[in-house]
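Enquirer: Fold the following for me, if possible:
(one chain, ligands or ions: 2)
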Amino acid sequence: MSTRARVLVLNSALGPLDYRVPAGMHVEPGSIVVAPLGPRQLIGVVWEPERLPSDAEVGDNRLRNLLAVADAPPLGAALRRLVEWTADYYLAPPAAVVRMTLSSTSALEGARTVTEYRATGDVPPRLTPQREQALERIGDRQGLIRELAAIADVSDAVIRGLVKAGAIAAVEVDIDSPFPRPDPAFGPPTLSADQQAAADTLVGHVAAHDFHPTLLDGVTGSGKTEVYFEAVAESIRQGRQCLVLLPEIALTEPFLKRFHDRFGCEPVAWHSGLRSTQRRRAWRAIASGEALVTVGARSALFLPYRNLGLIVVDEAHETSFKQEEGVHYHARDVAVMRGKFEGCPVILASATPAIETRQQVVLGRYEELKLPGRFGPAEMPSIEAIDLIAEPPERGRWLAPKLVKALGETLARGEQSLLFLNRRGYAPLTLCRNCGHRFQCPNCTAWMVEHRLTRRLACHHCGHVMPTPRACPECSAEDSLVACGPGVERIADEVAALFPEAKVAVVTSDTIWSPAKAAEFVGRMEAGDIDIVVGTQLVTKGYHFPNLTLVGVVDADLGLEGGDLRAAERTFQQIRQVSGRAGRGEKPGHVFIQTHSPSAQVMRALVTGDADAFYAAETEARADAGAPPFGRYAAIIVSSEDQAAAHDVARSVAAAAPRIDGMAVYGPAPAPLAMLRGRHRFRLLVHARRALDVQDVIRGWLGGLDWQAKVRVTVDVDPYNFL
Ligand code: ADP
Ligand code: ZN
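Expert: Ligands and ions are numbered 1, 2, ... in the order given. Prediction:
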């Protein structure tokens, strides 16, 4: 037996370290351990030495002892392979990836119990009226002394007396109460023929318990959730665990409700809003295999499921699955890899699949299941473009007459409307009408955005806020500030002025910042407490409001502005999704798209609904350019508070670029967001043939360079954000 263990400690600056396993301690690959480092103690995970070479081999006699093994199951082999793959593919330190798996420190402290009390059934020798009352009221309930005393309406001393007399006894209970078990037979729907066919196929994959990626491609309102719920039900029947990933924590709450209707209880939720006791309870139940269904944001992907039987990525096209901080991974792609290592099916559900995903179908790597029509009587909404040049809004307004008229008619019919504008706040730019001063963020290359509801100016990049001043800080003119352009708050003002009797709600990450807030919004919509919603991308996805019949896209051109490679695709997806909110019940839906270029290809495709033609043209353009998924990009971002230092390093990175056939390096150039959170930024873009192991090239290239600690070099493989 080896007394040496290689340990990946949770410190990204360190490589793997070797320790001695003291006599009497048992560890295996995956064991979560406490290791000494200098005077400190660090959490780490034992790893196969051959998979994690160490460049600092230490002789046996100089090894330090491991201190303890955590009271938690070892990380499984499939998860260890996923950690390695993620670190390798996204060029991240393995320790940074493994940290995502150990996302509750309290969970590692082991099972914890509390002492509770319950009646033994024995009658105490001396039965006072108080004791009698206590035993009667407590019945077979169990709790802390204090709780039992409250139930019985007696003093703590009476309960303690009963304990002494043997009528009440102590029991040790786990603080992590078990999760209820979802019942696959609780509320199954009657599926349509199309739905049933798709569900049968998916159930078959789950039963086969094999890696099998499937794209579930169904128009909005076709019942994708109902269909993949059948696969979830099969996974529950098998006693295997299932993970459903959602792109946005705001979508969790409606999902929990639907899940409850179908399975009789809520699944385990995992997101950043959990309290530490909730995280601990969820983590331990996931690690033990007790938690059968987990729904969560992308971070749920790295949890230590014990026997995963199915992964579902809902709204799989969403770019919010891409993590833009720390380890720059794409949860959709990592989900597929996890399915591969675990040997379980993966379902990607979307009404507007990404070109990358469609290409996998074309290549025969993913199966495709289609749901071509909406469920029940609901029809797809009719879509019409409003040419903002031919039919402009009135001066100083943002809604064209045709859209205003439709809003009025919808309101008169007692139906709901949604106006979509992907811009938080009141106005994207504020300037002084007297001197032209523009409010810019002191930390970023970005304008401060006015938020009238909170009377503040805010930077949407770094979060810097300041009260909206009365006087211009430049020329001191009073009440001279003017708002330029619209944000959702300004549209809401316009709606309120047009329809004073309408109940208007603004829905953005400023107003819906927790699952509870999202639930409140859903409740108000369902109760008819809102007539007109003005919202950002937060309202484009997932929601189902049968009485919502009108959707207006305030500025369809907005998403095209950046001009990155996915701009047209993203615009198409976003507007299709938001259009998909209209007419989901029995009443037909209508959509108006306000645009300056109604003849642009993406606008025409939206109006005609010809998704295939749009995708074909986009895909061809990508193929011609060698852009993803036909080629690969990786961004290298060099940043520092010291602009000259960042520029120097960026130039030396470029100068050291290896000359390789099938790879080109562009830049460095100042990033469009040239300053972010006080750091100056330069970008390089690596463009490579698909077949080239670009990660390996970059590892060798950057590995040979050195730079000062004040400069940070970040690699973003498969970037989605080009700012
Ligand atoms: P999608 O995710 O494809 O947009 P949903 O799964 O949200 O569609 O379904 C749209 C609506 O239709 C939901 O309210 C859902 O409960 C309902 N629905 C879909 N299929 C069925 C069915 N077979 N029986 C009853 N209701 C269904
Ligand atoms: Zn800022």
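
Enquirer: check contacts around the residue of the stretch 601-723 of the chain found nearest ligand 1.
Expert: Of all residues in the stretch 601-723 of the chain, the one sitting closest to ligand 1 is Ala611 (14.8 Å; Cβ to the nearest ligand atom). Just so you know, the C-beta spots here come from the backbone N, C-alpha and C atoms, and that holds for glycine as well. By Cβ atoms under 8 Å, 6 or more residues apart in numbering, the contact list for Ala611 reads 352, 572, 576, 605.

Enquirer: Now do the SS call for the third one.
Expert: In other words, Arg576. helix (DSSP: H, G, I helix; E, B strand; the rest coil).

Enquirer: and if you look at the first one?
Expert: Secondary structure, three-state DSSP: Thr352 is coil.

Enquirer: For Thr252, the count of nearby residues, please.
Expert: As a burial measure, Thr252 scores 24 neighbours (other Cβ atoms under 10 Å).

Enquirer: ok, and the closest non-adjacent residue to it?
Expert: Pro515 (4.9 Å; Cβ to Cβ, 6 or more residues apart in numbering).

Enquirer: same check, this time on Pro124
Expert: Ala165 (3.7 Å).

Enquirer: Next up, phi/psi of the one you found, please.
Expert: Ala165 has phi and psi values of phi -80, psi -10 when expressed as degrees, to the nearest 10.

Enquirer: Would you mind confirming that it is in contact with Thr128?
Expert: No - shown here, Ala165 and Thr128 do not form a contact pair, counting by Cβ atoms under 8 Å, at 10.5 Å.

Enquirer: Skipping its backbone neighbours, what lies nearest Ala691 in space?
Expert: Per Cβ to Cβ, 6+ apart, closest to Ala691 is Gly662, 7.5 Å.

Enquirer: Check what pLDDT Gly585 gets.
Expert: On pLDDT, Gly585 comes in at 85.

Enquirer: which phi and psi does it have?
Expert: phi -100, psi -140.

Enquirer: The nearest residue in space to it that is not next to it in sequence: what's it in contact with?
Expert: Nearest residue to Gly585, sequence neighbours excluded (Cβ to Cβ, 6+ apart): Pro546, at 2.7 Å. The contact partners of Pro546, by Cβ under 8 Å, 6+ apart, come to 584-587.

Enquirer: Top of those residues by number of neighbours, please.
Expert: That'd be Arg584 among these, by other Cβ under 10 Å, with 23 neighbours.

Enquirer: quick one: that residue and Arg374 touch, right?
Expert: Yes - between Arg584 and Arg374 a contact is recorded at 7.4 Å, counting by Cβ under 8 Å.

Enquirer: What's the separation between Thr549 and Cys265?
Expert: 34 Å (Cβ to Cβ, to the nearest Å).

Enquirer: between those two, which one's more packed in?
Expert: Ranked by neighbour count (other Cβ under 10 Å), Thr549 and Cys265 place Thr549 first, with 25 against 14.

Enquirer: on that earlier part again, next one: the residue nearest to Ala691 relative to Asp693, how far apart?
Expert: 11 Å.

Enquirer: If you count surrounding residues, which of these two has more?
Expert: Neighbour count, other Cβ under 10 Å: between Gly662 and Asp693, Gly662 has more, with 14 against 10.
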